[in-house]
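Undergrad: Structure, please.
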Amino acid sequence: MDSILRARPRFGQHALLAAGWSLHAVVLHRRLAEARKCQLTGLLGRDELLAYGDRLLRTGRRGAVHLVMLDGVDFKGINDRFGHAAGDAVIRALGRRLARWSTGRRALATRLGGDEFAIAAALPPASALAELAALREQLQQPVRYGRLTLRMDVSVGIARAADLPGEPCSRLLRGADAAMYQVKNGKAVFPYCASRADAYTETVNGRRAGRRGAARPEHAA
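TA: Numbers count the residues shown, from 1 in each chain. As a prediction, this is how the structure comes out:
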């Protein structure tokens with residue numbers, strides 16, 4: 001009986017230690033998550049996009065999965081004419097609009113760097129392209145910055161998992177990136193969805209597969 005009574009405090013200490021470590025782990029996880037977010041937009045980045053997209057692909061509703069690449073048109077012109085603070089205001093506005101669009105949808109909006117953004121989303125196939133067209137219109141609305149009204153077009157490329165059976169999210173992102181440049185360079189008209197050839201292209205806009213903003217494919221091209 002005495003040994004049981006003596007053991008109780010030790011059990012209590014172990015429980016407190018376990019609770020303390022659990023709380024520490026939660027706090028650490030939150031800090032790491034915050035550290036991974038873009039400081040300008042609050043959006044997560046490429047690694048989280050690929051992980052989220054692969055989770056969507058494993059849900060059994062592959063036909064609904066879309067990867068979307070978005071790239072500003074003449075963003076450099078805004079920086080050159082009005083300064084980097086104005087450019088930052090545009091990037092923040094794009095981030096807010098993408099985050100708002102993703103809320104309530106099975107979607108994750110991310111910033112890949114510069115004026116490049118990407119979305120992984122599960123959208124109803126029948127209405128997906130209409131939803132993305134509406135998003136494109138929202139993103140192209142003027143941004144107020146002080147007394148200035150800043151305007152920027154956005155090029156959008158789409159990759160549908162249904163068009164690329166068996167491919168991982170990294171390959172879908174590669175296809176969406178190639179599709180976006182087809183639209184941006186006037187070789188295709190929005191909404192343009194990536195073909196298998198797009199997903200396996202070796203370069204996009206003259207840059208290699210591992211460039212900033214483009215996922216490195218898991219399979220050899």
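Undergrad: And this protein, split by domain according to the record?
TA: The chain is divided into the following domains under automatic domain parsing: 1-36, 43-208.
Undergrad: Would you map the helices across the protein?
TA: 2-36, 46-57, 75-82, 84-102, 128-139, 169-184, 196-199 (DSSP state H).
Undergrad: Between helix 128-139 and the fourth one, find me the angle.
TA: For helix 84-102 and helix 128-139, the angle between their directions (axes from the mean of the first three to the mean of the last three C-alpha atoms, to 10 degrees) works out to 150 degrees.
Undergrad: Just the C-alpha atoms of helix 84-102, please, in CSV.
TA: Taking Å, rounded to 0.1, in the frame of the first residue of the first chain, the C-alpha atoms of helix 84-102 are listed here in CSV:
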residue,chain,number,x,y,z
HIS,A,84,8.8,48.2,-55.1
ALA,A,85,6.4,49.3,-52.3
ALA,A,86,3.7,49.5,-55.0
GLY,A,87,4.7,46.1,-56.3
ASP,A,88,4.4,44.7,-52.8
ALA,A,89,0.9,46.2,-52.5
VAL,A,90,-0.2,44.3,-55.7
ILE,A,91,1.3,41.0,-54.4
ARG,A,92,-0.5,41.4,-51.1
ALA,A,93,-3.8,42.1,-52.9
LEU,A,94,-3.3,39.0,-55.1
GLY,A,95,-2.6,36.9,-52.0
ARG,A,96,-5.7,38.2,-50.2
ARG,A,97,-7.9,37.5,-53.2
LEU,A,98,-6.5,34.0,-53.6
ALA,A,99,-6.9,33.2,-49.9
ARG,A,100,-10.5,34.5,-50.0
TRP,A,101,-11.3,32.4,-53.0
SER,A,102,-9.9,29.3,-51.4
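Undergrad: list the buried ones in it?
TA: 86-87, 89-95, 97-98, 101-102 (16 or more other C-beta atoms under 10 Å). All C-beta atoms are positioned from the backbone trio N, CA, C, and that covers glycine.
Undergrad: Which elements pack onto it?
TA: strand 65-73, helix 75-82, strand 106-113, strand 116-122, helix 128-139, strand 143-145, strand 148-150 (3 or more C-beta pairs under 8 Å, 6 or more residues apart in numbering; DSSP states H and E).
Undergrad: My guess is residue 178 contacts residue 158. True?
TA: No: look at residue 178 against residue 158 with C-beta atoms under 8 Å: they stay out of range, at 10.9 Å.
Undergrad: Give the intersection of the neighbour lists for these two.
TA: By C-beta atoms under 8 Å, 6 or more residues apart in numbering, residue 178 and residue 158 have these common neighbours: residue 194.
Undergrad: Using a markdown table, please lay out the buried residues of helix 84-102 together with distance to residue 73.
TA: Below are the buried residues of helix 84-102 laid out as a markdown table (distance: C-beta to C-beta, whole Å):
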| residue | distance to residue 73 |
| --- | --- |
| 86 | 16 |
| 87 | 13 |
| 89 | 17 |
| 90 | 11 |
| 91 | 14 |
| 92 | 18 |
| 93 | 15 |
| 94 | 12 |
| 95 | 17 |
| 97 | 16 |
| 98 | 16 |
| 101 | 19 |
| 102 | 22 |
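Undergrad: Considering the residues you listed, which is situated nearest to residue 115?
TA: Checking the buried residues of helix 84-102 against residue 115 by C-beta to C-beta gives residue 91 as the nearest, at 6.6 Å.
Undergrad: can you pull the contacts of the closest one?
TA: Here residue 91 is in contact with 40, 41, 111, 115 (criterion: C-beta under 8 Å, 6+ apart).
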